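S.K.: just coords:
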């Protein structure tokens, strides 16, 4: 996207050439992201009064942009951001250094644990804001999300086609997502699936919780044992559906919660694991693959050093570690 200033244009008017990242996007949605800080009511008023034009013609809110279009944007006052809101340089660099793949449609990072996918809920800057700070001239959108404490493959779209195409593939169940997780105890089967509907709820304090409930959304996770450790098993979890907290809740539902999970895990075991060096939830997005427009994409991120170091410590220090699961759960 390129901004062109015409000597004949009124003061403050911008002429913007639409790039491929906004090809096919509705003009109202494009303006919301381009004019951050401007109320939506003002954006629709500008459209309604004909102040926004595409190739010299008035545009309606549902007008779809095409790469190469010239978009006229009138002068508008953008709410100033409070001082000191810029992300720390070190944080920006840590996310920029985590890039594992890039082409014209996508940028993929191996997200560090502790970095949220996006800002909000007390988080000033997530991975998407940090990447935009690292590359202020480029357009990027978050395609999907990972929990803050979950490390691994996180995909961003650089084009409209990449964003809508991959999101449609995710909705259609055409994307493979695999995680590595440490499950407490010893499931009796090395390979099994959990098919249990999940329901989201918000507690009085605003905390988001998910539980198994008959009136929840259908949810399916495939588990496969990878390695054995004292009191725990390293598992590969493949998503059949993509619900909030799905792996965590399904693991807890069968009586084998994830190590270090502060919300659905075992507090006593989490305490013992912290003493052995596990300072976060043991969940890592290891692999993601899909096909788009005839091209096969496959992204992988190795288990990070902090989790590998903990597994080494568990092998040595966990010889007497025993996890007694909830006997009321299904026998897995």
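M.R.: Perfect, I can see it now. Worth saying up front: this structure is predicted, and the values here are computed from it rather than measured. Numbers count the residues shown, from 1 in each chain.
S.K.: all strands in the stretch 1-150 of the chain, in order from the N-terminus.
M.R.: Assigned by DSSP state E, counting those that start in this stretch, the strands in the stretch 1-150 of the chain fall at 2-4, 14-17, 53-54, 57-58, 70-73, 99-102, 106-111, 141-142.
S.K.: List the strands paired with the fourth one, with their directions.
M.R.: With DSSP bridges as the test, strand 57-58 is paired with strand 53-54 (antiparallel).
S.K.: give me phi/psi at residue 221?
M.R.: phi -130, psi 140 (degrees, to the nearest 10).
S.K.: how close does it get to residue 212?
M.R.: Separation of residue 221 from residue 212 (CB to CB, to the nearest Å): 12 Å. Bear in mind the C-beta positions are built from the backbone N, C-alpha and C, glycine included.
S.K.: which residues do the two both contact?
M.R.: Listed contacts common to residue 221 and residue 212 are residue 250; contacts here mean CB atoms under 8 Å, 6 or more residues apart in numbering.
S.K.: returning to that earlier point: export the strands of the stretch 1-150 of the chain to CSV and tack on mean pLDDT, distance to residue 302 and mean neighbour count?
M.R.: Conversion of those to CSV gives the following (pLDDT from 0 to 100; distance: least, CB to CB, whole Å; neighbours: other CB atoms under 10 Å):
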stretch, mean pLDDT, distance to residue 302, mean neighbour count
strand 2-4, 52, 39, 10
strand 14-17, 89, 41, 16
strand 53-54, 93, 46, 17
strand 57-58, 92, 52, 12
strand 70-73, 92, 43, 19
strand 99-102, 96, 10, 14
strand 106-111, 96, 8, 22
strand 141-142, 90, 23, 17
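S.K.: do you know which of those lies nearest residue 311?
M.R.: Ranking those by proximity to residue 311 (CB to CB) places strand 106-111 first, at 18.1 Å.
S.K.: which other residues reach the closest one?
M.R.: 95, 98-102, 117, 127, 131, 140, 143, 146, 150-158, 162, 166, 285, 297, 299, 301, 304.
S.K.: Looking at residue 221 and residue 212, which is more packed in?
M.R.: residue 221 (25 against 16; other CB atoms under 10 Å).
S.K.: how much space between the more buried one and residue 286?
M.R.: 14 Å.
S.K.: Tell me how many other residues surround residue 60.
M.R.: Applying other CB under 10 Å, we find 12 residues neighbouring residue 60.
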